[in-house]
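Engineer: Any chance you can model this:
(4 chains, ligands or ions: 4)
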Amino acid sequence: MSNTVTMVEAINLALKSEMRQDDSVIILGEDVGVNGGVFRATVDLKDEFGLKRVLDTPLAETMIAGLSVGMAAQGLKPVAEIQFMGFIFPTMEHLICHAARLRHRTRGRLHCPMVLRVPFGGGIHAPEHHSESTEALFAHIPGLRVVIPSSPARAYGLLLAAIRNPDPVVFMEPKRIYRLNAQTVEDTGKALPLDSCYTLREGSDITLISWGAMIKETLEAADQLAEQGVQCEVIDVVTLNPIDHETMLASVAKTGRCVIIHEAPKSCAVGAEISATLAERGLLNLRAPIQRVTGYDTVMPYYRMENHYLPNTADILEAVNSTLEFS
Amino acid sequence: MSNTVTMVEAINLALKSEMRQDDSVIILGEDVGVNGGVFRATVDLKDEFGLKRVLDTPLAETMIAGLSVGMAAQGLKPVAEIQFMGFIFPTMEHLICHAARLRHRTRGRLHCPMVLRVPFGGGIHAPEHHSESTEALFAHIPGLRVVIPSSPARAYGLLLAAIRNPDPVVFMEPKRIYRLNAQTVEDTGKALPLDSCYTLREGSDITLISWGAMIKETLEAADQLAEQGVQCEVIDVVTLNPIDHETMLASVAKTGRCVIIHEAPKSCAVGAEISATLAERGLLNLRAPIQRVTGYDTVMPYYRMENHYLPNTADILEAVNSTLEFS
Amino acid sequence: METIYQAHINLSRFLSADGQALQALPSWTETPETLVRYYRNMVLARQLDNKIIALQRTGQMGTYASLLGAEAIEIVLGDLMQTSDVLVPYYRNHALQMLRGLSLADMLSYWGGDERGNAAPAMGEDFPNAVPIATQALHATGVATAIKIRGEKRAVVTVCGDGATSKGDFLEALNIAGVWQLPVIFMVNNNQWAISVPRALQCAAPTLAQKAIGAGIRGEQVDGNDVIALHQSISRALQHAREGKGPTLIEAISYRLSDHTTADDATRYRRHDELKSAWEREPIKRLQTFLHQQGWWDEEQESAWQTETRQMIQQGIDQYLQQSDQPVEQLIDFLYAELPDALKPQRERLIRNAQPGGNHHE
Amino acid sequence: METIYQAHINLSRFLSADGQALQALPSWTETPETLVRYYRNMVLARQLDNKIIALQRTGQMGTYASLLGAEAIEIVLGDLMQTSDVLVPYYRNHALQMLRGLSLADMLSYWGGDERGNAAPAMGEDFPNAVPIATQALHATGVATAIKIRGEKRAVVTVCGDGATSKGDFLEALNIAGVWQLPVIFMVNNNQWAISVPRALQCAAPTLAQKAIGAGIRGEQVDGNDVIALHQSISRALQHAREGKGPTLIEAISYRLSDHTTADDATRYRRHDELKSAWEREPIKRLQTFLHQQGWWDEEQESAWQTETRQMIQQGIDQYLQQSDQPVEQLIDFLYAELPDALKPQRERLIRNAQPGGNHHE
Ligand SMILES: Cc1ncc(C[n+]2csc(CCOP(=O)(O)OP(=O)(O)O)c2C)c(N)n1
Ligand SMILES: Cc1ncc(C[n+]2csc(CCOP(=O)(O)OP(=O)(O)O)c2C)c(N)n1
Ligand SMILES: [Mg+2]
Ligand SMILES: [Mg+2]
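Structural biologist: Ligands and ions are numbered 1, 2, ... in the order given. Now for the predicted structure:
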C-alpha cells in the first residue's frame, strides 16, 4: 500500500501497522479514542482495535506515565500520548525514577518497553504552554531514548522502531510540520534505526546540525546557500539520547565548520552537548567557532510574538555566513 | 556573633537570621518542624518561630511547590524543603509552568519570591534515589535561578541572597559536604551576590571549573598540582542559571586550558553548556581541548558501587595532566 | 463490621429547568434587584462569548474557550466575591474575571495572544488563567495559607472543570485545605466533558463533590444552571471561608454547550440529542422565565439591554483591535526582576532582529 | 437540599488487644493450621528485623526500614496472595516479599546497596521496592490494566503508608482503578507516622479508607494488628479482584513501633507514652495469647521455633556476607537492552578505573 501522507498521517499509519501485527501494542491518553487525538494522530484506531486497545484516560498525566510503566512491565507495549509537551512535566517522576530504571534496577528481570508520544514546538499560534521545546530535560536522563522525526517517512519508520524497542522512548513530534510537505510513505512495516544521526544532505563547506521542525528552515538555508555555491552538510540528529556523536564529528572533521540549530532555549540544551563534544573531541578540525542558532533563554511567548522567538532561515544564514567568513 | 559551623549549620543560621528580620519568610516541607528536617537544616526553627512560620506539610511534593507559588504570589517568602533531589520531580510542573513564569506572564503584576531548598548528590551511602544530581534539568529553565553553595560561608551568604531575591530560586545543597570542614561564619546578615562565579583560587596554567561537593576534590587536585608547580585557577560556578560565562571566559583566555568537573551524568549537563560556550566564544584562546570529568551517563548506582560512579581526585588529575600535555 | 464513619452529599436546586420554584425560595429573591442583575450579566456574558467566537472565525483572535453554559456559575461567583477575595481561575472564567474588574480589552488581549492581558492592575491579586489543568487549585491553597497566616478575613476561590478533578494537583489541594482548614472554595464547573472525555470516564463516583470526603472537607452539589441555588451555596461557602471555618468543594452541574475550544469539533464525539436536551436546562432561559413570571423583566427591557450590551462589547473590541504591538524586549524584560548580564546580548539580538532589516522584521 | 449520595466506612476486628474474641470468629479459625502459620511467620519476621538492625549498627548493612509492628499485614498478605498475583511493594514489605519467594540473601542484598537484590527470578513479575512515595500505586494500576486487558484471573496488590495517601499518585491510582474497575488492592499500612509527621497532620478525614469514596471504589478499615480481621478483608478483596469485581482500598490500622529507618531517631518527635501504649496492641503478643488459650502453642514450641528461625536467618546472613562484588560494568550494562555505541567508551573507562592502578580501585 502506498500513500501520500503528512507526518501526522504517517504516525497514524505506523500505529495502525504495528497494532495490526502486534497485539500487545496499546494506545492510551487523553482524547485518543473517539476523538482520535487533538491532532488526529490516533484517528480510527478505536474503531479498528476497540476499547481494549485504545484507552481514553482520565485527565492525569502522572497517571498516564505510571500506568504505562505498569503495563510495560507486564510485557504490553503502551504507546501513550501526552497532549502537548507543556503538559509533560507531571510524567517526569515516572520517566526518570521508573521507566528509565526498571531494567537497570532489576538487572534485566523487568523492563519497560513504553513509548510516550508528545507533540512539541511552536509556530502554530497555539495558546500558552502549547508551544514549548523541552527535549533537553529528557535527553539528560540515562535510560531514556529520545527520538524526533522530521519528515513523514522518518516519522513512520522511527515510530515503528520506537514501539519495537525494548527501552522506554520519548517520541517527540514537531507539530509545526505535522501537516507540511506530504510524502509518499509505503506501509512496509520497516523500522528505521534509532541511535544514529541521519545525514540529509552531503556537503563539504559547513555542517548544519538540527532536528525536528527546524530541519525545514535548515534545509531552506542550505538550498539558498547552494545557490551561492556553498555546500552544506545537513545532519538531522533524530535520536538525542543516546546520541550519535560520531557522525557529527566525522562531518565536522570534513567541513571544519558547524552551525547547530534548535528551537529550545539555548542554555543547557542539546545544542550545548553537541557543540561541546565537537570542540572537545575535534578541536583541531575546527576552522571557525561553532555557532548555535536557538530560541532565546526566555519563556516561549504567547502566539502574537512567537515568530520573534523562533529561529528562522535568516538567522541560520547569518550564522552560516559569519562562520564561513571566520578565518 | 561568630561561629564555627558546618554547611548544614550555616544554612540553619541563615534561615534563622532571615526569619528574625523578615516576618514574611515561611519554612515548609516534610519533617521540617519538630524533627528539624532529616538533615537538621531547619532545627529549632519551629521552637523559635512557631507553627505559623514553620509548616510541616503532608507528603506531597507537587503540593509543596504549588503551595509555595501561591504563598509567594501573596508576598510571602516561602522557603520550601524537598527532602532529597530524587523526589523533586513532582515539583517540576509548578516550577517550570508557574514559579518561573509568574512575573513574565503577568508582566510584573505578580511575582514569585520562593526558594526551594534541596539536598543533592552522592557519597553518603544512602538508599536509592537519595544521591542524584539533576541540576541540569533546572538550569535549562528560563526564569529560575539555580544556586549551589560549596562552603559554610557561601551557604550562609547565598541562602540569604536567595531568600531576598525576588525571583524563584532552586537552592541545591551538596549533602556530601554538609558536615565537612566547619568554618567560622559571622551572622552578619550579609548576602553574597548571585549571578556570578566565585574564583576560589587564582592560577595561570589551567582553569578548573566545578560546583557543589566536587569543589572539594577540585581543590584537592589543585593542591596536589601546586606541589608539582602547576598553578590552577579554580572557579566555583555557584549560580548555574543565569550563568556567568564572562568570568570563565576571562579565566580560560588567560590559562588556555580548562577542565570542568561535575557529579551529574555527562550528556546535556551544565558542563556541556560551559564547555560549548568557552569554545564558541574563546576558540582561539584554547591551547588544548576542554575536558569534562563527570558522572557516567547511567543511573546513580546503589551505595555499594557509588564510589565507582562519583568522579574523584585521581580522575581530575588525570584530565588535568592530559590537558597540560596537549600541545 | 462496625460502621465508623458516615457521609452524604446533598444537591441544592431551587428552580426547575422551566423556571418554576421547586421549594420555598430564599428571602433575597423576593425583590428583583439581585436576580435581574444576574440575568443582565448572564446575557452580557453570552453575547460576548458569541462575539469572540466570531472574532476567532475571522482571524482576529486566537484559540478561544467558550463559556457557553457556564454563565450562571461565572456571574454568581463574580457577584458574591468581594474585591479583597482572591480568584485563582482557569481558562473558562472570563465573565467572572470581568465582574472582578478586568476590562474587556485586556481580556481580549489575553485570548489574542498578548501577555499584557494578564497585567491589568484591576486584576489586583487575582491569578492569571491556569492552562496546565488543576495546577491552580494548589496555588489557591497557597494564597489561602498566606491569608490564614496573616489572619485576614478573605476568601480564595478557584475554579476548574470536571476533568481537572482527576489530576493529583486537585486532590492534593483538597487534602491540604482540609488539614490546614484553609479559607478556600473549590468550584468545579462540571460541564460533563473534558474535551472528548465524558464525565463517566473521568471518575466512577456518582458525584465529584464526594472527593471532599476523602479530604475531610465539606462538599456539595449544586445545580449550576440555577442562580438561586448557586447563590445560596456560594455565599455560605464564602462566609465559612472568611470566618475561618474552612474550605468547601462545590460541584456545579452544568453543561458545555459549545465545542471545547474553537480548535475543537464536538460533533466528532458528542451525540446531538445530548446537546439538545442540555439546551433545555440552560441557565439564561430558565431565569428569564422566572423573571417574566414575577413581572421583573419584559421584552422591551430585553431588547434595550441587548442593544446596550452590543455597544459595550463593540467598544471593548475596538479598543482591543487598536492595541499597539508589545515592545519585543518584553519577551525578556519580565523574566527576572532585574535583567541578568547573561541575557543582555540576547535582548539586544531580539531588538535588532525586530527592526527594519532584521531577521525577524515583519 | 436533597441527599443524593450516602457512604460509610466499616472497621473490621475480631481479636481484642489482649487476644479475646470480640465477635463470632470465622470458621477457618476453628483449626490451628492457618493461625499457627501466621504466628510462626510473624515471629520470623520480627527476629529478622532485629537482626538486620543489628547488622546495620555494625556497619554491615545500609540504611534499613524496619517492619516492626507491620508483621500481621505482611504475613497475611503474603499468605493469601497467590504466585500468579502480582505484588507492587514499597520499602517496608520485605517479610511479604520473602513469603512470595525472595530469598533472605537477596533481600539483604537490596538493603545492602546491591541492585542484584531486585533481580531474583523468584520475584516473578513482582515489582522491586518503590522508594519514591506512592508511585507504586500507579504501577499497580498499570499491571492490573494489563491483566484486565488479557482477561486473566489475577489480583494485584500494592502497599503504601499513611503518608503516601496524600500524594497525587495514590489518589490518581484510586481514580483510574475505579473508572476501569481494575483488579487491584490498595493496602495502606497506616502506622500513624510518616517519618515525623503524625497521621493527624496528613489528612483531616477521620479515616484514610474514605479516600475510596471519592474514587467510587470499595474502602474499609481493618485492625492491622489482628490477623483474623486482615485475613477476612484481604481474602474478600483478592476474590473481588480475581473475579473482575473491581478494586478495594484497605486501611490497616497499625503502629510503627520502630524508628522510621535506622537513619531516624523517633524520640525527637514522638512521645514515649504513645509508643508504650502501641506496644500493648501489637500483633504478635495478641495472637500468641489467643493461641495459648486455644492450646495451640506453648512455651516449648516457642523456644524451638525461636532457635530454628535464628538458624535460618543466620544462614541467610552468611550467604549475604559472602556475596561477591557486583562486576562494575553492570552499572552500565543494564541501562538499555543493548549497549549503545555512545556508552562504550564510558563502559571501558569504568572498567579501567576499577582495575588495579585505576583511579577508582579500592
Ligand atoms: C495538565 C494538562 N493536561 C492536558 C491539557 C489539555 N487540555 C486542555 S483543556 C482539557 C480538558 C479539560 O476538561 P475539564 O477539566 O472538564 O474543563 P473544561 O474545559 O471542560 O471546562 C485538556 C485535556 C492541559 N491544558 N493541561
Ligand atoms: C516522593 C517522596 N518524597 C519523600 C520521600 C522521603 N520519605 C521516605 S519515607 C517517608 C515517609 C513515608 O511515610 P508513610 O507513607 O506513612 O510510610 P511509612 O514509612 O510510615 O511506612 C518520606 C517522607 C520519598 N521517599 N519519596
Ligand atoms: Mg469539563
Ligand atoms: Mg506511616
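Engineer: right, and the helix or strand after the longest strand seen in chain A?
Structural biologist: When chain A is parsed with DSSP state E, its longest strand is strand A:258-265. Using DSSP states H and E, the helix or strand that follows strand A:258-265 in sequence is helix A:270-282.
Engineer: do stretch A:149-164 and chain D meet at all?
Structural biologist: No. Stretch A:149-164 lies apart from chain D when judged by CB under 8 Å from any CB of the partner chain; the minimum separation is 10.8 Å. (C-beta placed from N, C-alpha, C; glycine too.)
Engineer: before we move on, what about stretch A:19-29?
Structural biologist: Yes. Using CB under 8 Å from any CB, stretch A:19-29 reaches chain D at residue A:26.
Engineer: How confident was the prediction at residue A:1?
Structural biologist: On pLDDT, residue A:1 comes in at 51.
Engineer: Now chain A against ligand 1: closest residue?
Structural biologist: residue A:87 (3.7 Å; CB to the nearest ligand atom).
Engineer: before we move on, back to that, run the chain-centre distance for the longest strand of chain A.
Structural biologist: Using CA atoms, centre = their mean, to the nearest Å, the mean C-alpha position of strand A:258-265 is found 14 Å from that of the whole chain.
Engineer: Which residue is the nearest non-sequential neighbour of residue A:175?
Structural biologist: Counting by CB to CB, 6 or more residues apart in numbering or on different chains, residue A:175 lies nearest to residue A:119, which is 4.0 Å off, once chain neighbours are set aside.
Engineer: Contacts only, for the most centrally placed residue in chain C.
Structural biologist: What sits nearest the mean C-alpha location of chain C, by CA atoms, centre = their mean, is residue C:93, with 2.6 Å. By CB atoms under 8 Å, 6 or more residues apart in numbering or on different chains, the residues touching residue C:93 are C:67, C:74, C:87, C:129, C:159.
Engineer: Near the second one, how many residues? Count them for me, please.
Structural biologist: A count of neighbours around residue C:74, defined by other CB atoms under 10 Å in any protein chain shown, yields 28.
Engineer: Repeat that for the fourth one.
Structural biologist: The number of residues packed around residue C:129, counting by other CB under 10 Å, is 22.
Engineer: quick one, strands of the stretch 151-300 of chain C?
Structural biologist: C:156-161, C:184-190, C:193-194, C:197-198, C:218-223, C:248-253 (DSSP state E, counting those that start in this stretch).
Engineer: do you know which of the ones you listed lies nearest ligand 1?
Structural biologist: Here strand C:156-161 is closest among the strands of the stretch 151-300 of chain C (CB to the nearest ligand atom), at 2.0 Å.
Engineer: Report the angle between the closest one and strand C:184-190.
Structural biologist: For strand C:156-161 against strand C:184-190, the angle by axes from the mean of the first three to the mean of the last three CA atoms, to 10 degrees is 20 degrees.
Engineer: same question for strand C:156-161, mean pLDDT?
Structural biologist: Rounded mean pLDDT across strand C:156-161 is 98.
Engineer: if we can go back for a sec, can you tell me how far the residue nearest to the centre of chain C sits from residue C:300?
Structural biologist: 32 Å (CB to CB, to the nearest Å).
Engineer: Residue A:99 now?
Structural biologist: Residue A:99 is 65 Å from residue C:300, by CB to CB.
Engineer: Could you do residue A:112 as well?
Structural biologist: Per CB to CB, residue A:112 is found 68 Å from residue C:300.
Engineer: Measure how buried the residue in the stretch 201-327 of chain A positioned nearest to chain D is and give me the count.
Structural biologist: Closest approach between the stretch 201-327 of chain A and chain D, counting by CB to the nearest CB: residue A:242, at 3.8 Å. Per other CB under 10 Å, the neighbour tally for residue A:242 reads 24.
Engineer: if I pick it, what's in contact with it?
Structural biologist: For residue A:242, the contacting residues are A:145, A:195, B:267, B:297, D:336, D:340-343, by CB under 8 Å, 6+ apart.
Engineer: Looking at it now. What's its pLDDT?
Structural biologist: Looking at residue A:242, its pLDDT is 98.
Engineer: Which residue is the nearest non-sequential neighbour of residue C:123?
Structural biologist: Counting by CB to CB, 6+ apart, residue C:123 lies nearest to residue C:102, which is 5.7 Å off, once chain neighbours are set aside.
Engineer: Residue A:295 and residue A:235, how far apart?
Structural biologist: With the distance defined as CB to CB, residue A:295 ends up 19 Å from residue A:235.
Engineer: and the closest residue to ligand 3 within the stretch 1-150 of chain A, what does it touch?
Structural biologist: Across the stretch 1-150 of chain A, the shortest distance to ligand 3 (CB to the ion) belongs to residue A:59, at 9.0 Å. Listed by CB under 8 Å, 6+ apart, the contact set of residue A:59 reads A:30, C:133-134, C:163-164, C:166-167, C:194, C:197, C:202.
Engineer: host element of it?
Structural biologist: Under the criterion DSSP H and E, no helix or strand holds residue A:59.
Engineer: Likewise for residue A:28?
Structural biologist: Counting by DSSP H and E, residue A:28 is found in strand A:25-29.
Engineer: which parts of the stretch 101-250 of chain C sit against ligand 4?
Structural biologist: Taking CB under 5 Å from the ion as the criterion, the stretch 101-250 of chain C does not approach ligand 4 at any residue.
Engineer: give me the number of residues near residue 302?
Structural biologist: I went with chain A, as the question did not name one. Summarising burial for residue A:302: neighbours were counted as other CB under 10 Å, giving 26.
Engineer: Correction: the question concerned chain C.
Structural biologist: Applying other CB under 10 Å, I find that residue C:302 has 16 neighbouring residues.
Engineer: what's the domain layout of the chain?
Structural biologist: No chain in the question, so chain A it is. For chain A, automatic domain parsing gives the domain ranges A:2-186, A:198-325.
Engineer: think we crossed wires, I meant chain C
Structural biologist: Per automatic domain parsing, the structural domains of chain C span C:11-322, C:329-362.
Engineer: OK, contacts around residue C:80?
Structural biologist: C:231, C:234-235, C:238.
Engineer: Tell me which stretches of the stretch 1-150 of chain C form helices.
Structural biologist: In order along the chain, the stretch 1-150 of chain C carries the following helices (DSSP state H, counting those that start in this stretch): C:33-57, C:71-80, C:94-99, C:104-111, C:135-150.
Engineer: Make sure residue C:40 is actually in contact with residue C:302.
Structural biologist: No. Counting by CB atoms under 8 Å, residue C:40 sits too far from residue C:302 to count as a contact (9.8 Å).
Engineer: More neighbours: residue A:99 and residue C:300, which one.
Structural biologist: Applying other CB under 10 Å to residue A:99 and residue C:300 shows that residue A:99 carries more neighbours, namely 29 against 8.
Engineer: distance of residue A:315 from chain C?
Structural biologist: 5 Å (CB to the nearest CB, to the nearest Å).
Engineer: give me phi/psi at that residue?
Structural biologist: For residue A:315, the backbone dihedrals (degrees, to the nearest 10) come out as phi -60, psi -40.
Engineer: ok, it - contacts?
Structural biologist: Residue A:315 touches A:293, C:353, C:359-360, counting by CB under 8 Å, 6+ apart.
Engineer: would a markdown table of those with distance to residue A:103 and neighbour count be doable?
Structural biologist: Below are these laid out as a markdown table (distance: CB to CB, whole Å; neighbours: other CB atoms under 10 Å in any protein chain shown):
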| residue | distance to residue A:103 | neighbour count |
| --- | --- | --- |
| A:293 | 37 | 26 |
| C:353 | 46 | 19 |
| C:359 | 45 | 19 |
| C:360 | 45 | 20 |
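Engineer: So which of those belong to strands?
Structural biologist: Using DSSP E, residue A:293 are the members of the contacts of residue A:315 that sit in strands.
Engineer: For burial, what's the neighbour tally of residue 208?
Structural biologist: Here I'm looking at chain A. For residue A:208, the tally of surrounding residues (other CB under 10 Å) stands at 32.
Engineer: Wait, chain C was what I had in mind.
Structural biologist: The burial count for residue C:208: 28, using other CB under 10 Å.
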